[in-house]
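>>> Just to be clear, the model below is a prediction. Sequence and coordinates:
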Amino acid sequence: MHAAPPERPFCEEELLASVIADLIGDVRHVAVGNASPIPATAALLARERGGGRPYVSLLQSRKHNFFTSGGVELFDCAGQGRIDVFFLSGGQIDGQGNINLVNIGEHDKPSVRFPGSFGSGYLYYVVPKVILFRVEHSRRTLVPKVDFISAPGTSPDHVHRTGGPVALVTNRCAFSFDRARRRFRLQSVHPGHSVEEIIAETGFDFDCPSDVGETPAPDAATLQTMRERVAPELAEVYPRFAERVFGIACGKPASRAVSA
Amino acid sequence: MHAAPPERPFCEEELLASVIADLIGDVRHVAVGNASPIPATAALLARERGGGRPYVSLLQSRKHNFFTSGGVELFDCAGQGRIDVFFLSGGQIDGQGNINLVNIGEHDKPSVRFPGSFGSGYLYYVVPKVILFRVEHSRRTLVPKVDFISAPGTSPDHVHRTGGPVALVTNRCAFSFDRARRRFRLQSVHPGHSVEEIIAETGFDFDCPSDVGETPAPDAATLQTMRERVAPELAEVYPRFAERVFGIACGKPASRAVSA
Amino acid sequence: MAAIRPLDDALSAIEDGCLLAVPREVSGVAMEATRALIRRAVRRLHLVTLPTSSLQADLLIGAGCVETLETSAVSMGEFGPAPRFTAAMTAGTLKTRDATCPAIYAALQAAEKGIPFMPLRGLIGSDLMAHRSEWRTIDNPYANGDPIVLLPAIKPDVALFHAPMADRDGNVWIGRQRDLATLAHAAARTIVTVETLHEGDLLADPTLAAGTLPGFYVDAVAVAERGAWPLPLPDRYPADGAHLAEYMKRAATPEGFARYLQDFVHARRAA
Amino acid sequence: MAAIRPLDDALSAIEDGCLLAVPREVSGVAMEATRALIRRAVRRLHLVTLPTSSLQADLLIGAGCVETLETSAVSMGEFGPAPRFTAAMTAGTLKTRDATCPAIYAALQAAEKGIPFMPLRGLIGSDLMAHRSEWRTIDNPYANGDPIVLLPAIKPDVALFHAPMADRDGNVWIGRQRDLATLAHAAARTIVTVETLHEGDLLADPTLAAGTLPGFYVDAVAVAERGAWPLPLPDRYPADGAHLAEYMKRAATPEGFARYLQDFVHARRAA
């Protein structure tokens, strides 16, 4: 096993995975939906660091997916309180944490149609820590008010809700979500980005502490774990991603340089 | 294959199975619960006569039981309308078709306790043809009013009910059940028994036509089918019964005489 | 109960206007059967996907077979948005009943259990609710002031899917893909295509029986080797990525999609 | 997640007063574990049977372990009524919550799905309803004047059952006995005894995986060879009819039952 050379830079995907791994924290079970390579990287990274905890279910994987009772088992499992962390995204996300996976414009004849709400209309309510993840941070994606609420960020107190958003991670920054105040708060700015840029590129209001810091870069141990232990596991489910980001082909660690 | 000698008498179990097989009629699917050897004989007899129709599920059998989704599948299957005939019994049965599988006396400290209601509190409502079967025909079992209603014979019109009793077969006679009038009607008297005896031994009122006939004895073809084709199948599930009634041991047709 | 039949014959129960339920990509999608339906020009389907779909819904929509689509999502996954679904939606020519995954499971499980509705957490305050007047909110009778949504049963006329194998009695080995059992239990009729026929009784061996849908629920079985192509069949073959990329390229325009149908759907009839 | 542990250690989660859920005879009953619980003199169990029981409930009741029994039936089948259950009932020393089979399935499935209740047809007008104030009747909102019963979820503290095999990750092969998955999904903790350990990963092979309960749901596994004895384990061994007949003879009286416990429960500790 070759150690990562210290001069090897980290790429954006590695930074985001590292940020998300920190957000996952010490939990029992993280589930990752389809087409989510960066959250999957983060979950596997958290597992490597935790010596096998949390248990990670990659829904697209044969190997990292224990479900044997059909697709409903994921939702039943969440309903049982056995999924602690899940990831959601949105074609639009607004400042109240509402997410839109359906359409822009009129519902019956929209100007833009997204694939659909998937499990969000349920999982957003019952998974304690939902981490919102949207790489593209722009006024197009982060809007004042979503056109269609696939799932709301918060619910009135009398509505059964054991889960909801805890954070939103983009290519520019990480927000935390304050459920009581129903608002995002800028938590850290990724290296190379600025608070001013984030204000300019965000379509919704958010809390912006005066002392907001820079997102910590992944340390050498984190990068080594990701590249040497996580990347080969990822290659089963996200071969293109594993190759592009980590230079992994055919499930084997790569020897060639990784472009950052 | 040896033909049944014409002088060979039929026994009570054969008569009852023959009566029940006639009641089953032309249906798609008959399910038979646990500890019901005579109904099981009847169902398999109906299937042999029908050239494979109805499909017969013997819930106690490995072979004659397709269920692969656990015990709930029987009830789901009934809820889907895929079970046409089922058999129920009762520690007590009353003249309104109510059945009692729970207790006699007070519920919390009964004088007699039966095993419990099994699936009756559901299946009696949703299986179109429920055939009640109770060998012991006495004022102890056939009562004016059951002490505990595990499942009622009829329901008010506004209650969803796609099923219910069609008949009651005992060791003395066969009753039909008139759902509109919520009463039994004496349908036929088994050979060797009389209407007077039945009135004397029945704890509830029932309709008794003046021209009630004798239950037809199983014909030679029926007896032959039961003894040669049904009995060996039965032996898997009811080995003691198959041996006692049909002289079957180890799943093979017997050559010794059957005591009637 | 099932008979082994030629594909077109097996599909005869799927009539114009019927409520057709199909599984998600990973469970086993009957793509060869889908092409046969398009060749037959089935129309006005009410298509329910358990709970999502990819190429199957996109093809049926593009070919004009679908009137109403009930789904939690249609997407070509890593290949991007489903082109004909997206085009039909933005043109306003397709009615959708947008759902969330567990709502479709719950509604089909209600049919499976013969109950008129199933409760589900979540949903309250979403615009999914706003567009579904048949999803009712009641007060949970076991708590104070606790609203919960009830979803009415979905009872498909026909369920259609693809599986690795079936035996002569129509027992179908579905393995872990238990969504397929839910579909078959919920639907009035079930049509299955399989890779191969299994000689022997799938229910006789306890290990195989554990993953077997009884033929009792199956109305017709047709053999269609590589019948999920170009989609994957779990544990058997992967998706044909090159073909899906080609599809994405062609289906980006109505003309390209028409050529795709000509080359890969209609032309295969003669083959 | 599961560790392979000695039997008594594995059973430590079953504390006095806990809501313990167990399967019907045909699904795999953990009889060796039941004897260990009686040796440990567990008390005040709320025992839920999915949906019926035979020797297991009768032994636990006779040994004074059960305060409340929730069941659709306790019976020794062809051997006759369950003697200690019947004696306790007629003596008025056992509380029962009489149910009908699908009601117990529905209540456990509600817990499995994380919903507060499940609807079920039937029940209306029965005395089962009359004794269960927690079973509520509502008007089906999808019809006019159509009452339907709601059953609140049953959430067991512990599920306990016996299965043919488990692997080192605690994955348990249950085959067609999917009741066991329902129990494990619904319960906060699950304890499983198995005939043997399987070398290798039960989830790795698609055929075995189809009948496997993931170790994710299993808190402890103990090996107990012939652990269902004298009850049957489906596809493995039949019931020990001679022993059950002996049980029926002895358990007909309190004294005979005490001798049975001495000979077949307590004496086995030393063995």
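Everything's here; your move.

>>> low-scoring stretches of the stretch 1-150 of chain C, by residue?
Judged by pLDDT under 70, the stretch 1-150 of chain C has its weakly predicted residues at C:1-2.

>>> mind listing the strands for it?
C:3-4, C:19-23, C:45-50, C:52-53, C:66-71, C:73-74, C:95-98, C:117-120, C:136-139, C:147-152 (DSSP state E, counting those that start in this stretch).

>>> To D:Ala3, which of those lies closest?
Each of the strands of the stretch 1-150 of chain C has some distance to D:Ala3 by Cβ to Cβ; the shortest is strand C:117-120, at 34.6 Å. The way it works is simple: take the backbone N, C-alpha and C, and place the C-beta from them, glycine included.

>>> how about JSON lines for the strands of the stretch 1-150 of chain C, with distance to chain D added?
Formatted as JSON lines, these follow (distance: least, Cβ to the nearest Cβ, whole Å):
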{"stretch": "strand C:3-4", "distance to chain D": "22"}
{"stretch": "strand C:19-23", "distance to chain D": "16"}
{"stretch": "strand C:45-50", "distance to chain D": "16"}
{"stretch": "strand C:52-53", "distance to chain D": "20"}
{"stretch": "strand C:66-71", "distance to chain D": "17"}
{"stretch": "strand C:73-74", "distance to chain D": "21"}
{"stretch": "strand C:95-98", "distance to chain D": "16"}
{"stretch": "strand C:117-120", "distance to chain D": "5"}
{"stretch": "strand C:136-139", "distance to chain D": "5"}
{"stretch": "strand C:147-152", "distance to chain D": "5"}
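
>>> Generate CSV for those, with mean neighbour count as supplementary columns.
Below are these laid out as CSV (neighbours: other Cβ atoms under 10 Å in any protein chain shown):
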stretch, mean neighbour count
strand C:3-4, 16
strand C:19-23, 25
strand C:45-50, 25
strand C:52-53, 28
strand C:66-71, 21
strand C:73-74, 28
strand C:95-98, 19
strand C:117-120, 24
strand C:136-139, 14
strand C:147-152, 22
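
>>> Chain A is nearest to which of the ones you listed?
Of all the strands of the stretch 1-150 of chain C, it is strand C:73-74 that lies closest to chain A, at 3.2 Å by Cβ to the nearest Cβ.

>>> quick one on the thing from earlier: identify whichever of the strands of the stretch 1-150 of chain C lies nearest to D:Val66.
Nearest to D:Val66, of those and by Cβ to Cβ, is strand C:117-120 at 31.2 Å.

>>> Show me the shaky parts of chain A.
Scanning chain A for pLDDT under 70 picks out A:1-7, A:249-260.

>>> Phi and psi next, for A:Ile83.
phi -120, psi 120 (degrees, to the nearest 10).

>>> who touches it in this structure?
A:His29, A:Val30, A:Ala31, A:Ser57, A:Leu74, A:Cys77, A:Leu123, A:Val127 (Cβ atoms under 8 Å, 6 or more residues apart in numbering or on different chains).

>>> So which residues on the stretch 1-150 of chain A come close to chain C?
Contact residues (Cβ under 8 Å from any Cβ of the partner chain) of the stretch 1-150 of chain A with chain C: A:34-35, A:62, A:67-72, A:75, A:79, A:101-103, A:107-126, A:148-150.

>>> I'd assumed A:Gly121 was in contact with C:Thr100.
Yes: here C:Thr100 lies in contact with A:Gly121, judged by Cβ atoms under 8 Å, at a distance of 3.0 Å.

>>> Mind listing the shared neighbours of those two?
Common contacts of C:Thr100 and A:Gly121 (Cβ under 8 Å, 6+ apart): A:Ser150, A:Ala151, C:Gly122, C:Leu123, C:Ser126, C:Leu128.

>>> Pull out the buried residues from the residues you listed.
A:Ser150, A:Ala151, C:Gly122, C:Leu123, C:Ser126, C:Leu128 (16 or more other Cβ atoms under 10 Å in any protein chain shown).

>>> With distance to B:Arg161 as extra columns, can I get these in JSON lines?
Formatted as JSON lines, these follow (distance: Cβ to Cβ, whole Å):
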{"residue": "A:Ser150", "distance to B:Arg161": "40"}
{"residue": "A:Ala151", "distance to B:Arg161": "40"}
{"residue": "C:Gly122", "distance to B:Arg161": "33"}
{"residue": "C:Leu123", "distance to B:Arg161": "31"}
{"residue": "C:Ser126", "distance to B:Arg161": "36"}
{"residue": "C:Leu128", "distance to B:Arg161": "34"}
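
>>> want to throw those into TSV with distance to chain B?
What follows is these, written out as TSV (distance: Cβ to the nearest Cβ, whole Å):
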residue	distance to chain B
A:Ser150	31
A:Ala151	30
C:Gly122	24
C:Leu123	24
C:Ser126	29
C:Leu128	27
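
>>> Identify those among those that sit within helices.
In this view, those that belong to helices under DSSP state H are C:Leu128.

>>> with the buried ones among the shared contacts of C:Thr100 and A:Gly121 in mind, which one is nearest to A:Val169?
When these are ranked by distance to A:Val169 (Cβ to Cβ), A:Ala151 comes first, at 17.7 Å.
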